[in-house]
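1. Next come a sequence and a model predicted from it.
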Amino acid sequence: MGAANSCTQTCGVFMSFALFAEQVLNGLQSGIMLFVMAAGLTLIFGVMGLINLAHGSLYMVGAFAAAAAAAWTGSFLLALIAALIGAALVGMFVEMLVIRRLYDRDHLDQVLATFALILIFSEGTRFFFGSFPLFLDVPKVIAGPINLPIGIEYPVYRLIIIGVGLCVALGLWLLISKTRLGVQIRAGKNDREMIAALGVNISALYTFVFAIGAGLAGLAGALVGAIQSVQVGMGEPVLILAFVVIVIGGIGSIKGAFIGAILVGLTDTLGGIFLPELFKLFMEGSIATSLGSALASMLIYILMAVILVCRPQGLFGVEG
Amino acid sequence: MILTRENILNFVITAGLILVPIYAVIVEEPFTITLATRAVIFSLAAVGLNIALGLGGMVSLGHAVFFGLGGYTMGILAFHAQSYIPLFEWPILIEGTKQMLVVWPLAMIISAIAAFVIGLLSLRTGGVYFIMITLAFGQMFFFFSISWSAYGGEDGLSIYVRNQFPLVNTLVPIQFYAICLAILMLALWINARLAKSSFGLALSAARQNTARVRNVGLDPKSIKLVAFVISGAITGLAGALFADLNRFVSPTMFSWQLSGEIMVFIIIGGIGRLYGPVLGAIIFVTLEHFLGGISEYWLVFLGLLLLLIVLFSRGGLVGLLVGRERVHE
């Protein structure tokens, strides 16, 4: 999620602390959004054992639903609600039509069927909305910057994103560890036959879990779409980053997804800013920029490789 | 060779690959030859992936890495040759080249090295992790190629003239096609030999039951790694040929969509079948040409076709045409 940053023109080697703090916040913001995306993926994999490439399409569906709702009603809040509900409904529909036939299949079939869904979703969206990016405007009240302590200026909207993401994390934690539904979800992870025998409607439970994941992806799409732009193909780069997050955190672990997402968000944002600067210390300017940014683009994958070497099952994954 | 229905189908496909371009020369339709060349090169890439996927059961969603590396090997060498800037001056002088016979081995070696490293890391885990990690490594190369501006960055590299091959005029479409087809046939032959060799049997066993393979004293991980390296090298060679066909390389050769498409060729054709990737690539290129001409949203139809094949037909088109694979010969 190439975090937009406002500092490329002025960054010197000795960047002020305020600018550094701003970049850390940017990293946190993109990490938190990655978490909202990855939480759904990891939940769906943990409970149903499904690898869902079309999760990025649901992210895109959310963003387009938000853009359409905002154009229609003029309200940003309604747009976000439309994203959440729209993506959840589409997710539910897709689950009942296609995904549910894939739970018993091997991973290859899941990959191919959800790859096919990406093609259908992307081209379908292009057909209805065209190839040009749409814009989703943040309301003026929260678009501007706010003064934080120690001279940091930061856009309110990005702080709100961080807040929403933290609420999602808290909500998921409460849902899974404190509610009856959460107990069923955790039980479904461990023994599908047993909880079906105990009278839980397993297929409704799966549809519900899938819809939660889809809704979260849609919400993330709308929130990020307002910073960047809403366009076809926006979901897949994020999806792949979310995979990196899950691999780092350990598949099926929400806590792992959270820590992994923050790690990836910070590494990606800070690496992109500081690596070229670092290289400039002992290299000629243009080569340093070129090499530094090239290397920065690989940084999170190198992080992933290192973690794989040390802990193949991810930071919070279960062995075997 | 026993005259099974699958062998007859394979023979028909081979005959088609030889006769259709000859017909195109006679009726002077050079574009058909270009399409056929495209299909043959995609087939080669998919034959490479099929060794990892079909024989070894490794679901790699990152094979575009090798395709792209092969392409960029060709692109970078040709770029240095056409601009007369040496590739390295130190420690020894290395200049660019336009000789296919030099480019191909290099493309294969570089892809093989990349496959070794990626395979070594990815095979530490299995199943769904393997899919995600190969996908992530693909993305790593994609972003690297975009941000590395020395070789065109996002815009890619254009090569003015196609590379040379001794005694052949590669600028004539049918002659270049003949080279590609010969390589594909060689790769299919190697694939068939490999599947029947003791290594191939061990690889199939490692796909089906790792515990048993370990119990007979073999190391399934290193068997799979070797297969992954061979697979990567073949796909890398396809990438070099693809760069030759288009006289252009760009980061899209590294894109995850391409990794997905190479896999789609295999699935449309039939996984683990010798000619599955070939049939799949031919059908893909044909659909791309005809449906793409009718509607710019043709990928929707490809998506629907793929979904139907995955959900309702096991064994792809080869399976549909010749029935289930015979277990015993």
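-> Great, that's in hand.

2. Give me the buried positions along the longest helix anywhere in chain A.
-> Using DSSP state H to assign secondary structure, the helix with the most residues in chain A is helix A:17-48. The neighbour-count criterion (16 or more other CB atoms under 10 Å in any protein chain shown) identifies A:19, A:21-23, A:25-48 as the buried residues of helix A:17-48. (Glycine included, C-beta is placed from N, CA and C.)

3. Run through chain A and note the low-pLDDT ranges.
-> A:1-15, A:318-320 (pLDDT under 70).

4. Name the residue of it with the shortest distance to chain B.
-> Of all residues in chain A, A:L119 sits closest to chain B, at 3.3 Å by CB to the nearest CB.

5. Setting the sequence-adjacent residues aside, check what's closest to that residue.
-> Leaving aside its sequence neighbours, A:L119 sits nearest to B:G303 (CB to CB, 6 or more residues apart in numbering or on different chains; 3.3 Å).

6. Could I get the contacting residues of the one you found?
-> Contact criterion CB atoms under 8 Å, 6 or more residues apart in numbering or on different chains gives A:116-120, A:123 as the residues in contact with B:G303.

7. So which of these wins on neighbours?
-> Using other CB atoms under 10 Å in any protein chain shown as the neighbour test, the contacts of B:G303 are led by A:A116, with 28 neighbours.

8. Surely it and B:V300 touch.
-> No - counting by CB atoms under 8 Å, no contact exists between A:A116 and B:V300, whose distance comes to 9.9 Å.

9. Chain B: helices as residue ranges?
-> Counting by DSSP H, one finds helices in chain B at the ranges B:5-26, B:30-50, B:64-83, B:100-122, B:127-147, B:173-196, B:198-208, B:210-215, B:220-246, B:256-269, B:276-294, B:298-312, B:316-322.

10. the inter-axis angle of the helix or strand hosting A:Q110 versus helix A:17-48?
-> Element membership for A:Q110, per DSSP states H and E: helix A:107-129. Orientation of helix A:107-129 against helix A:17-48 (axes from the mean of the first three to the mean of the last three CA atoms, to 10 degrees) gives an angle of 120 degrees.

11. Flag every buried residue along helix A:107-129.
-> Under 16+ other CB under 10 Å, the buried positions of helix A:107-129 are A:107-126, A:129.

12. residues in contact with it?
-> Under the contact criterion CB under 8 Å, 6+ apart, helix A:107-129 has outside partners A:50-54, A:56-57, A:60-61, A:64, A:94, A:98-99, A:102, A:105, A:232-233, A:236, B:53, B:59, B:61, B:127-128, B:131, B:260, B:263-264, B:267, B:271, B:297-300, B:302-304, B:306-307, B:310-311.

13. The helix or strand harbouring A:L205 packs against which elements?
-> According to DSSP H and E, A:L205 maps onto helix A:202-225. Of the remaining helices and strands, those touching helix A:202-225 by 3 or more CB pairs under 8 Å, 6 or more residues apart in numbering or on different chains; DSSP states H and E are helix A:17-48, helix A:55-73, helix A:76-97, helix A:156-178, helix A:180-190, helix A:192-197, helix A:235-249.

14. Make TSV from those and add distance to chain B to it.
-> What follows is those, written out as TSV (distance: least, CB to the nearest CB, whole Å):
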stretch	distance to chain B
helix A:17-48	7
helix A:55-73	10
helix A:76-97	10
helix A:156-178	21
helix A:180-190	15
helix A:192-197	17
helix A:235-249	4
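
15. Distance to A:L281 added to the ones you listed, as JSON lines?
-> What follows is the helices and strands packed on helix A:202-225, written out as JSON lines (distance: least, CB to CB, whole Å):
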{"stretch": "helix A:17-48", "distance to A:L281": "17"}
{"stretch": "helix A:55-73", "distance to A:L281": "38"}
{"stretch": "helix A:76-97", "distance to A:L281": "43"}
{"stretch": "helix A:156-178", "distance to A:L281": "30"}
{"stretch": "helix A:180-190", "distance to A:L281": "49"}
{"stretch": "helix A:192-197", "distance to A:L281": "56"}
{"stretch": "helix A:235-249", "distance to A:L281": "29"}
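
16. Compare those and give me the one nearest A:A288.
-> Taking CB to CB as the criterion, A:A288 comes closest to helix A:17-48 out of those, the separation being 18.4 Å.

17. Find me the pLDDT at B:V322, would you?
-> Per-residue confidence (pLDDT) for B:V322: 80.

18. give the contact list for it.
-> The neighbours of B:V322, taking CB under 8 Å, 6+ apart as the test, are B:4-6, B:8-9.

19. Among those, name the buried ones.
-> Here, 16+ other CB under 10 Å leaves B:6, B:9 buried among those.
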